[in-house]
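>>> fold the following for me, if possible:
(4 chains)
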Amino acid sequence: MAETPTRHVHFPGMDTTVLGADEIIINMGPQHPSTHGVLRVKLHLDGEKVIGSECIIGYLHRGVEKIAEHRSYQQFAPYVDRMDYVAAVSNGLGYCEAVEKLLEVEVPPRAKVVRTILTELQRIASHLLWLGTHALDIGALTPIFYCFREREEILKIFEKYCGARLTTHAFRIGGLQYEVYDGFEEDVKRFLADFDRKIDEYEALLTTNRIWVERTKGIGVLSAQDAIALGVTGPVLRASGVKWDIRKAFPYAAYDRYDFEIPVGSNGDTYDRYLVRMEEMRQSRRICLQAIEDIPSGPILGKVGKVMKPAPGEVYHSIEAPKGELGYYIVSDGTTQPYRVRIRPPSFINLQAFDTMVRGHLVADVVAIIGTIDIVLGEVDR
Amino acid sequence: MDAVVEFLKPHLLPLLWAVVIVAVLPLVAGYIVLLERKVMADIQARLGPMRVGPHGLLQPIADALKLLLKEDIIPANADKWIFWIAPLISVTAAMLALSAMPFGPVFQIADLNVGLLFIVAVSSLGIFGIVLGGWSSNSHYALLGALRSAAQVVSYEVAVGMALVSGLLLAGTLSMRKMVEAQAEQGVWFAFLVPVGFFIYLVAGIAELNRAPFDLPEAESELVAGYMTEYSGFRWALYFLGEYTAMIVVSGIGTTLFLGGWLRPFPNVAAFDFLDYLPAVLFLALTGYCFYRAPKQPVPIQKAVMGLFGVLCLGITAALGWAVTLPAEAVARAGILGAFWFLAKVFLFLYSFMWFRFTFPRYRFDQLMRLGWHFLIPVSLVNVMGVGAALVLHRQAGWPLWQGLVLGTVVTLAVAAWLILVRQRRPVAAPSAGGEV
Amino acid sequence: MVEQFTFYFFAALAVISAVLVVTVRNAVYSAVFLITTLLATAGIFLQLRAEFLFVVQIILYVGGIMVLFVFVVMLVDLDVALRQVQFNRQKWVALLVVLAVAGQLVFALALGSEALGLPAAAPESLEPNTESVGLRLFESYMLPFEIASILLLVAMIGAVLLGKRQKPPRSEA
Amino acid sequence: MADEPTSKQPEKRPETSEGQPPARETSAQKPAEKPAGEKPVPPKKEAPPAWPKPLDNEMVRRFRQRFGDAILDALEDRKQAILVVAAERLREIAEYARDEEQFDMLTDLTAVDWPKREKRFDLVVNLYSFPRNERLRLKAAVGEHDQPPSLAPVWAAANWLERECFDMFGIRFEGHPDLRRILLPDEWVGHPLRKDYDILQQDTAWVRENLGIESGQ
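Okay, here's the model as predicted:
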């Protein structure tokens, strides 16, 4: 392997030139089974205790924002799927809605509902992947197979709908490109019908398991104040006790039509984040159940032209992606290409809280904490 | 010449058993691996190995061939000699421990009068294979795995020892054979007399084996593969062989001391004599299944292999059936049926090990140590005292033994409950100020 | 004949590896040879029909103490150890002392050779010595046994106290 | 090497030196009306631009009262509130927004490069208020060699965001605790999101030295 480029290690507010007798610096990643991709973590340890950390990222940087400036609005849409590649549908939704806002186009209700269903299914799929890998990191070998079994069903629905399983490019600016396939409702209903019992199954394995509780309770505590100061969003924020979800705060797609709860934790530890995400899956199921019953008929694409030239100006639009607030800040100069696309990646900003969460814990907890933030390096590095 | 024959004569049968064990064990270990993969697949809602042979039945052989043919890589800065010899230590220690294991009233290499101590002593040597292998690899992951392993095994050996003592007090002997005989005499398996001791043995035994949920020395999400990280090919296979043999050893000790060894359930109750027919019936069913499935295999060779396994099962059925027809006092009958029951109980242990592995998450190292030192060891000490007190009451004051043992168990459980409560009162890391914003 | 062969085999093994323990430069090798020495000693116990001692030797010394030894030795920086001078200048003096002690021993042995001829225990009739060791310890030698235990306990507590790190005064809440 | 703009860029984008790009396209709602064309559309005369509109509400007045000239403009674009502020006083304004106006979360911090302007960068700070469920965008023009105050002391979240901004645009934040590159390697030359950094451009010397290949493309 090529020599990793040397980077100056720097722990803010800490003199690293002089190490105490028991202090060592160890390096985790970028090739490591539990860093969920090419994350590199430098840990400053006192014995086994972490007293400082630094995340070194950028190994997967592809310059997505730069590419956006050189593609037309439609051309850029598939690129966003490659950021959080385990929740491509959510990325696509965020981008499409942002451009629609910029264009001031209204999306037909049928498209909105189908978008909601697919996005919620994607949230379930993303959380399932998180649960499986997180449990695997903590040493539970079995949940990942159960999770993949259900995720497979969701991916099959995606595949039938748009032909792709992972990087779906499911939506188009202005609505949908494809009408739902015959049997879409039945497929979704069949999946949702017994998914609740499947969640019970995962919970039976973990929720009250003594070892699981010992490994997650009180680990990686993030207070509400810290979470807000660090800009943390999504399940991580909610587990710290802040009841905030963009689906409720600024309803987009068709979320204002459905009943659902926002699960909140109280301790802000890894266990609470686990519970919050489990409950979110149940709520996503609830949304889908309501949505699938009543898909309005009508057109699926709003009034957008083949050439998109938004009026000059700018817009910020964000959605509640599975990992947190996924925002797009798009500046238009009136041409067919965006002048600037800024993506606010939830993983990137949530990962910044890692240092706060990990201090004072043991090395073995680092793995649990990386898992609980639920990062995707494609999105962190863009 | 005669003198030599005379000298060798008493050693011939043990020698035969030893050869059988050494020859068959790798195969058995291979099939335990297959079993583990199948059990894992079953728990994880999938099929497991299905390609090599019908239902993957030839997978172990394919694996063994592959491992034999693989390049033997020794890392550049490794300590060659120790790297070379470490896996051998593991395997040798584990196999040596089998030499005092009674697989039945007949099938035992040597019945030592310190049998149990011998097994414990020899199997504790296996740790050197792990520690030295980890050190010689010249890799941080391997070294950390080795260190964890050493600390863990030394800690849990105390709990294992204490749990064994609670059974030993009841048996009144260290000889493996006499332990089983003591259970036959008292008419009850010691697992029911000292349930706490049995439980502690089970937990600490898993920890001694470095198996999940105590598999920190090879925790793949933290240490890649622990002490085995740098090993490959046949040397790696030797570690595996050692590990699975150690599983058999731990299961064997547990079976002998707590589950009545080669005795069938209710050995002294004539009403349960029909259980003697169970082994033969079981294997007959297995034979039937094999022959039933054989024509349904897709490829001729798979049909043949399935048929072959059917014939194998038929052979075992015949042996078991023949044994049942023998008079009760025949050596062969006791030997064959005893071996069946012993292996069945060992299988029970192995299955539970696998079951735990695929159900539980992994402990953190400090939690593991705390569990060992703060919970298992004190509880096992109290348990030993309870058993001792029960014996004294039985012998001096004439109490029925079971009353004393129930009392001891109740006291032990009370202590355990107290320990758990104390542990839970420990403050959890700084709770955050939550609340809605 | 077999008896003697076993004895000399184990004795030679013990002596050779004992010498290697001090002459080998690598600390881990030393530990390995120390293990061999202890195992050979255990073998001699077994040859003397002291199976309890044999097993206890392995469990305690090899399985317990030596694991901890190896544990510590592995953490030693071997490169430093290799560069250090293995024997200091007093080695000749030490050799002289060793020779003197050895001479004394040989002299004493030669002098009292007839007293050494213990009656050989009949191997088959020897009773299982786990019980006899236990009875001796808890009946005839109860007091020394208990004193030894208390001594060990005190040593253990002392070691724990010494090993316990002084906690710095907590500054954070 | 980062000087040459690419020829791939289809057109030179018209710019003014004001805070907003010139609003020339008026028929955004009827895009089909325009034929597909790569040429920039010349300014039209008919309808006034729909956005941005000037914004004037209670909050803006409070800001103006408190900071006077430092609030250069208040706009509304696609129903989103924008305050154009003086870069020098950004931190004060941010602190005020956090403490008095309850904008307690820094959602995002980024920049936009307008190379033709006198102050080439627009620093864009997106804020969110949990109690008011409102977003606010602060914008501040920053010259190439200016050092705007860092917001890291105000919101911890600004740390990495400003590092990214520095990495991508080369904006140096004054008072940042740890201003280093974050996504690109420390030794990388050039700031990729600047408009004069070509999309095909890379630090070939770095790539050759550290990856052992001629080009990453």
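
>>> nearest to chain C: which residue in the stretch 201-350 of chain A?
Closest residue of the stretch 201-350 of chain A to chain C, Cβ to the nearest Cβ: residue A:223 (13.6 Å). Quick note: C-beta positions are derived from backbone N, CA and C, even for glycine.

>>> any stretches of the chain with poor pLDDT?
Chain wasn't specified; assuming chain A. By pLDDT under 70, the low-scoring segments of chain A are A:1-22, A:47.

>>> try again with chain D
In chain D, residues with pLDDT under 70: D:1-50, D:215-217.

>>> can we see that at 80?
Applying pLDDT under 80 to chain D flags residues D:1-56, D:70, D:199-206, D:210-217.

>>> in it, which spans are helices?
Under the criterion DSSP state H, chain D carries helices at the ranges D:58-67, D:90-99, D:158-169, D:204-211.

>>> the second one packs against which elements?
Just to be clear, that refers to helix D:90-99. If you count contacts as 3 or more Cβ pairs under 8 Å, 6 or more residues apart in numbering or on different chains; DSSP states H and E, helix D:90-99 packs onto helix D:58-67, strand D:121-129, strand D:134-142.

>>> how does it look with 7 Å?
Packing partners of helix D:90-99 (3 or more Cβ pairs under 7 Å, 6 or more residues apart in numbering or on different chains; DSSP states H and E): strand D:134-142.

>>> ditto for the third one
Of the remaining helices and strands, those touching helix D:158-169 by 3+ Cβ pairs under 7 Å, 6+ apart are strand D:105-113.

>>> list the contacts of the strand it packs on.
If you take Cβ atoms under 7 Å, 6 or more residues apart in numbering or on different chains as the criterion, strand D:105-113 is touched by A:228, A:231, A:325, A:327, A:329, A:331, A:340, A:342, A:344, D:120-128, D:130, D:151, D:155, D:157-158, D:161-162, D:165, D:169, D:171, D:193-195.

>>> neighbouring strands - and their directions - for that strand?
Sheet pairing of strand D:105-113 (DSSP bridges) gives strand D:121-129 (antiparallel).

>>> kindly export the strand it pairs with (C-alpha atoms) in CSV.
Listed next in CSV are the C-alpha coordinates belonging to strand D:121-129 (Å, rounded to 0.1, in the frame of the first residue of the first chain):
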residue,chain,number,x,y,z
PHE,D,121,-16.4,35.7,-1.7
ASP,D,122,-19.9,35.6,-0.2
LEU,D,123,-19.8,34.0,3.1
VAL,D,124,-23.2,32.2,3.7
VAL,D,125,-24.3,31.3,7.2
ASN,D,126,-27.5,29.4,7.6
LEU,D,127,-29.1,29.6,11.0
TYR,D,128,-32.0,27.9,12.6
SER,D,129,-34.0,28.7,15.7
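
>>> now tabulate the helices of chain D in a markdown table and tack on mean neighbour count.
Formatted as a markdown table, these follow (neighbours: other Cβ atoms under 10 Å in any protein chain shown):
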| stretch | mean neighbour count |
| --- | --- |
| helix D:58-67 | 15 |
| helix D:90-99 | 19 |
| helix D:158-169 | 24 |
| helix D:204-211 | 14 |
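
>>> what helix or strand is residue A:357 on?
In this structure, residue A:357 sits in helix A:354-358 according to DSSP states H and E.

>>> that helix near chain D at all?
No: applying Cβ under 7 Å from any Cβ of the partner chain, one finds helix A:354-358 out of contact with chain D, separated by at least 8.0 Å.

>>> does anything pack onto that helix? Which helices or strands?
When contacts are defined as 3+ Cβ pairs under 7 Å, 6+ apart, helix A:354-358 packs onto strand A:49-56, helix A:363-373.

>>> just name the most buried of the ones you listed.
Among the helices and strands packed on helix A:354-358, helix A:363-373 has the highest mean neighbour count (mean count of other Cβ atoms under 10 Å in any protein chain shown), at a mean of 26.

>>> which residues in the stretch 151-300 of chain A form strands?
Ranges of strands within the stretch 151-300 of chain A are A:171-172, A:175-176, based on DSSP state E, counting those that start in this stretch.

>>> helices and strands around the last one, which ones?
By that I understand strand A:175-176. helix A:109-137.

>>> by how many degrees do the helix it packs on and helix A:363-373 diverge?
Angle, helix A:109-137 to helix A:363-373, by axes from the mean of the first three to the mean of the last three Cα atoms, to 10 degrees: 170 degrees.

>>> any part of helix A:109-137 near chain B?
Yes: Helix A:109-137 reaches chain B (Cβ under 7 Å from any Cβ) through A:135-137.

>>> and residue D:125, how far from chain C?
Using Cβ to the nearest Cβ, to the nearest Å, residue D:125 is found at 33 Å from chain C.

>>> surely that residue meets residue D:138?
Yes: using Cβ atoms under 7 Å, residue D:125 is in contact with residue D:138, at 4.2 Å.

>>> the more surrounded of the two?
The neighbour comparison of residue D:125 against residue D:138 (other Cβ atoms under 10 Å in any protein chain shown) goes to residue D:125, with 27 against 24.

>>> returning to what we had before: isn't the residue of the stretch 201-350 of chain A closest to chain C up against residue A:268?
Yes: the criterion here is Cβ under 7 Å, and residue A:223 meets it with residue A:268 at 5.9 Å.

>>> of those two, give the one with the bigger neighbour count.
Legend: neighbour count by other Cβ under 10 Å for residue A:223 and residue A:268, higher for residue A:268 (29 against 19).

>>> burial measure for residue C:103, as a count.
As a burial measure, residue C:103 scores 10 neighbours (other Cβ under 10 Å).

>>> cool, residue A:179 as well?
14.

>>> contacts only, for it.
residue A:300.

>>> same check on residue D:194?
Each residue near residue D:194 by Cβ under 7 Å, 6+ apart is listed here: D:113, D:169-170.

>>> grab the nearest non-local neighbour of the closest residue to chain A within chain D.
At 3.1 Å from chain A, residue D:157 is the closest residue in chain D, using Cβ to the nearest Cβ. Once flanking residues are discounted, residue D:157 sits nearest to residue A:231: 3.1 Å by Cβ to Cβ, 6 or more residues apart in numbering or on different chains.

>>> ok, now residue B:101?
Excluding the flanking residues, the one nearest residue B:101 by Cβ to Cβ, 6+ apart is residue B:252, at 4.6 Å.

>>> the one you found and chain C: what is the separation?
17 Å.

>>> ends of stretch A:155-171, what's the gap?
15 Å (Cα to Cα, to the nearest Å).

>>> only the buried residues of it, if you could.
Neighbour counts over stretch A:155-171 (16 or more other Cβ atoms under 10 Å in any protein chain shown) mark A:155, A:157-158, A:161-162, A:165, A:167-171 as buried.

>>> which of the helices of chain D sits closest to residue A:207?
Judged by Cβ to Cβ, the one of these that comes nearest to residue A:207 is helix D:158-169, at 33.3 Å.

>>> mind listing what residue A:362 touches?
Contact analysis of residue A:362 by Cβ under 7 Å, 6+ apart lists A:48-49, B:364, B:366.

>>> please read the previous query as pertaining to residue A:231.
Counting by Cβ under 7 Å, 6+ apart, residue A:231 makes contact with A:349, D:105-107, D:155, D:157.

>>> quick one: which of these is nearest residue C:58?
Lowest distance from residue C:58 to the contacts of residue A:231 (Cβ to Cβ) belongs to residue A:349, with 58.5 Å.

>>> sec struct for that closest one, please.
Under DSSP: H, G, I helix; E, B strand; the rest coil, residue A:349 falls in the helix class.
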